[in-house]
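Peer 1: what's the 3D shape of this:
(2 chains)
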Amino acid sequence: MINLDFEHELDRMFAEAPSLGHVDDDAFAAAVNRRLDRASAIRTALIGGLGLVGGVIAVGQIAASGLVGRVATLPALSNQLVSAALNPRPPAWLSPASLSFDAAAPGGAFLWGAGAMALIAVGLATWRALDDI
Amino acid sequence: MRGSLFRAASHAARHDVDLAALSAAGERAAFGELARRHGGGVRALLRRLGADPALADDLAQDAFLAAYQQIEAFRGEVSFGAWVRRIAARLYLKRRRRDARTDLMAEPPEPRALVFDGDARPIGHMDLDQALASLSRPERLCVSLCHGAGLSHAEAAEALNAPLGTVKSHVKRGLEKLRARLVDTGLASERTG
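Peer 2: Residues are numbered from 1 along each chain as shown, chains lettered A, B, ... in the order given. Below is the predicted model:
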């Protein structure tokens, strides 16, 4: 049976690092710091780059979907609606059956854009998870 | 400049747990102090496990990077040095498995001497490394993992992909040999022998 005192003494001997010199310790710490800096710079650049790509895609898809144009016509449309509603004999196009929200439905391009952004988000999350492992 | 010098000096006086907390809060200089304090111990363990000096330095840096990324998990239940040594030992075993794809417990064709950069030790001075060199590779690996990296026998067995009983017997035989050599040379007291 190995003596527990000896095991503790052995643990202590393992914990005491052989002297490699102060200069060497400082150089090692500096090397660790350099690698931390590099990892941080790469991560920042990657996140920034992916964010930029995501942003460009989002802006492109919003422009392609014509959302801006449709939003611009909204005040005029609401004016028309209010005027028509105040009219004692509203036009046929204002009947509930003819009112449609198709214009507000997302187009295919918009869905592709959303899909691309979702993919980027999943990629970022996976990358972060792998990084944590 | 004066501010950073003052911070470095104040970090040198701090306890590891405080430095780890500061590191978790983003204070990189605090982590630098931890790396300075414990880098030698981590590299020494890696060499004792069988890594050459260059690999030991690389893996020790990797271990500190991994420690920095999970610094919030460090609660101070064990010493910071022991915590990083444990990470380093796992990285070493992982690297060995990836590179060699061989049985980690197998004896290498030629026994590898433990080499330190500043080997300016007195001739004939028997120290822990020389005592470890007298063990077989499996004994040295198992003793270093359990007593240097703080792994339990079960954890070492899992890391080495070896039966628990085999690891226990290697540790037991290794400890007996080490005790005999270290007591002989007066590095371990007779009381513990």
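Peer 1: C-alpha only now, for contacts and for neighbours.
Peer 2: OK.
Peer 1: against which helices or strands is the helix ranked longest in chain A packed?
Peer 2: For chain A, the helix with the greatest residue count under DSSP state H is helix A:22-65. Using 3 or more CA pairs under 8 Å, 6 or more residues apart in numbering or on different chains; DSSP states H and E, the elements in contact with helix A:22-65 are helix A:108-132, helix B:28-49, helix B:53-69.
Peer 1: of the ones you listed, which approaches B:A82 most closely?
Peer 2: Using CA to CA as the measure, helix B:28-49 is the one of the helices and strands packed on helix A:22-65 that comes nearest B:A82, at 8.6 Å.
Peer 1: just want the most central residue of chain B.
Peer 2: Centroid-nearest residue in chain B, with CA atoms, centre = their mean: B:L45, separated by 2.8 Å.
Peer 1: spell out which parts of chain B neighbour chain A.
Peer 2: B:28, B:32-33, B:35-42, B:44-45, B:61, B:64-65, B:69-70, B:81-82, B:116-118, B:128, B:147-148, B:172, B:175-176, B:179, B:188, B:192-193 (CA under 8 Å from any CA of the partner chain).
Peer 1: burial measure for residue 70, as a count.
Peer 2: This is for chain A. A:R70 has 13 neighbours, counted by other CA atoms under 10 Å in any protein chain shown.
Peer 1: wrong one, chain B
Peer 2: Around B:Q70 there are 13 residues (other CA under 10 Å).
Peer 1: so who does residue 43 touch?
Peer 2: Defaulting to chain A. Contacts for A:R43 (CA atoms under 8 Å, 6 or more residues apart in numbering or on different chains) come out as none.
Peer 1: actually it's chain B I care about, not the one you picked
Peer 2: B:53, B:56-57, B:60.
Peer 1: format the residues you listed as JSON lines; extra columns: neighbour count and pLDDT.
Peer 2: JSON lines is the format used below for the contacts of B:R43 (neighbours: other CA atoms under 10 Å in any protein chain shown; pLDDT from 0 to 100):
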{"residue": "B:P53", "neighbour count": "17", "pLDDT": "89"}
{"residue": "B:A56", "neighbour count": "22", "pLDDT": "92"}
{"residue": "B:D57", "neighbour count": "21", "pLDDT": "92"}
{"residue": "B:A60", "neighbour count": "31", "pLDDT": "95"}
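Peer 1: out of those residues, the closest to A:Q80 would be?
Peer 2: B:A60 (72.7 Å).
Peer 1: pretty sure B:G76 contacts B:V17?
Peer 2: Yes: judged on CA atoms under 8 Å, B:G76 makes contact with B:V17 at a distance of 6.0 Å.
Peer 1: number of nearby residues for residue 83?
Peer 2: In the absence of a named chain, this looks at chain A. 11.
Peer 1: you answered for a different chain; I wanted chain B.
Peer 2: 18.
Peer 1: in which helix or strand would I find it?
Peer 2: Assigned by DSSP states H and E, B:W83 belongs to helix B:80-100.
Peer 1: ok now that helix, how far from the chain's centre?
Peer 2: With CA atoms, centre = their mean, to the nearest Å as the basis, helix B:80-100 stands 9 Å off its chain's centre.
Peer 1: tell me the mean pLDDT for it?
Peer 2: Throughout helix B:80-100, pLDDT has a mean value of 90.
Peer 1: could you check the angle helix B:28-49 makes with it?
Peer 2: 50 degrees (axes from the mean of the first three to the mean of the last three CA atoms, to 10 degrees).
Peer 1: hang on, the earlier thing: if I pick the nearest residue to the residue nearest to the centre of chain B once chain neighbours are set aside, what's in contact with it?
Peer 2: Leaving aside its sequence neighbours, B:L45 sits nearest to B:G148 (CA to CA, 6 or more residues apart in numbering or on different chains; 6.4 Å). Applying CA under 8 Å, 6+ apart to B:G148 gives the contacts A:11, A:14-15, B:45, B:82, B:85.
Peer 1: and with 10 Å instead?
Peer 2: A:10-16, B:41-42, B:44-46, B:48-49, B:82, B:85-86, B:89, B:141-142 (CA atoms under 10 Å, 6 or more residues apart in numbering or on different chains).
Peer 1: now a ChimeraX select for only the buried ones of those.
Peer 2: Of the contacts of B:G148, the buried ones can be selected in ChimeraX as follows, counting by 16 or more other CA atoms under 10 Å in any protein chain shown:
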select /A:10,11,13,14,15 /B:41,42,44,45,46,48,49,82,85,86,89,141,142
